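S.K.: Let me see the structure of the following:
(chains A and B)
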Amino acid sequence: MPNVGLAESVLSLFTQPEIAASIAGDLAEEFAAKQFWLHVIRTALALCFQQFLSRPRRVVILVLTGFAATEIAVSGILASGLILETLVEPLLIGILIAGLSRGREMTVCALTALSSILLSIALGLFGARVPLVWHFLQWNILASIVFVCCGAFIRGRANFRAKIEV
Amino acid sequence: MVLLAILRLENQAYGVAIRGEIEKCTGQSVTPGALYTTLDRLSEKGWVTSRVGDPTPVRGGRAKRFYTVTAPGISALQASYRALQNLTAGLKIFEVAHA
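M.R.: Numbering: from 1, shown residues only, chains lettered A, B, ... in the order given. Okay, here's the model as predicted:
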């Protein structure tokens, strides 16, 4: 039997907890271990895309806000060289965008992280020889990880509160 | 297709059964992700409602969620069926299929 609880937690990042529980149960009933996790990931991605399509304008605005704030912050950090800001600023940006995107916390944070990573890859491909670009890449990857953690934490907290209220 | 599958399954329409019914009737498989996002959209439109069944060990203790088509859902299905009939009326290829 695959870890249905973990699958439920992953799915509940992109849909209501009670729906996530029934989806995880359906997938456990139908698929064996390897197939089960493949379908959990594919279903989570489909639900993420569905959340984006249901309010595309709002999601795009929030992602662009997070992305712009990230890139402004990275410029400041690279200029000042303060290590503390390296963790604090993405954490604040992540909490801000996750807090503004109620019900779509993980989708917005994941898309912001994805856009930061894509920018990093693009810069890595075209300007990797410049030393400053490596710092930029490292910071963007760290910020992306922090964003995903913020999205998961705030969404998880909302799900926990909803469970208590029920 | 999802609405029709739910109607065909009557009181036993949950995720696995709906996918199975669609595959049986159309010969095409539906991915779980596509099914659950469709069910989510149909719920938002108010075309389906759901109730929770009893948890079972084979499902890791998770309950089945059974779906039912609502009156607006049936109206939407009837409208789609009428539109399909209007579009196919007079087309010879469908006369052969119906005969």
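
S.K.: For stretch A:93-106, buried residues please.
M.R.: A:93, A:94, A:95, A:97, A:98, A:101, A:104, A:105, A:106 (16 or more other CB atoms under 10 Å in any protein chain shown). Every residue, glycine included, has its C-beta placed from N, CA and C.

S.K.: need the contact list for the last one.
M.R.: Applying CB atoms under 8 Å, 6 or more residues apart in numbering or on different chains to residue A:106 gives the contacts A:13, A:14, A:48, A:98, A:148, A:151, A:152, A:155.

S.K.: Name all residues that make contact with residue A:104.
M.R.: Residue A:104 neighbours (CB under 8 Å, 6+ apart): A:51, A:52, A:55, A:58, A:59.

S.K.: Generate a markdown table for these, with neighbour count as supplementary columns.
M.R.: Below are the contacts of residue A:104 laid out as a markdown table (neighbours: other CB atoms under 10 Å in any protein chain shown):
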| residue | neighbour count |
| --- | --- |
| A:51 | 24 |
| A:52 | 18 |
| A:55 | 15 |
| A:58 | 14 |
| A:59 | 19 |
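
S.K.: Please identify which of these is nearest to residue B:39.
M.R.: The closest of the contacts of residue A:104 to residue B:39 turns out to be residue A:51 (CB to CB; 14.3 Å).

S.K.: where does the closest one sit relative to residue A:104, distance-wise?
M.R.: 5 Å (CB to CB, to the nearest Å).

S.K.: what sits in contact with each of these two?
M.R.: residue A:59.

S.K.: Among the buried residues of stretch A:93-106, which lie within helices?
M.R.: Using DSSP state H, A:93, A:94, A:95, A:97, A:98, A:105, A:106 are the members of the buried residues of stretch A:93-106 that sit in helices.

S.K.: At the geometric centre of chain A, which residue sits there?
M.R.: When CA atoms, centre = their mean is applied to chain A, the residue found nearest the centroid is residue A:110 (2.5 Å).

S.K.: Enumerate every residue touching that residue.
M.R.: Contacts of residue A:110 (CB under 8 Å, 6+ apart): A:48, A:147, A:148, A:151.

S.K.: quick one: which of those residues has the most company?
M.R.: Greatest neighbour count in those, by other CB atoms under 10 Å in any protein chain shown, goes to residue A:147: 30 neighbours.

S.K.: got the contact list for it?
M.R.: A:66, A:90, A:93, A:94, A:97, A:109, A:110, A:112, A:113, A:116.

S.K.: Which parts of chain B are strands?
M.R.: Secondary structure of chain B (DSSP state E): strands at B:48-55, B:63-69.

S.K.: which residue sits closest to residue A:119, ignoring its sequence neighbours?
M.R.: Closest residue to residue A:119 apart from its sequence neighbours, by CB to CB, 6 or more residues apart in numbering or on different chains: residue A:140 at 6.4 Å.

S.K.: Tell me the spacing between the one you found and residue A:121.
M.R.: Taking CB to CB, one finds residue A:140 at 9 Å from residue A:121.
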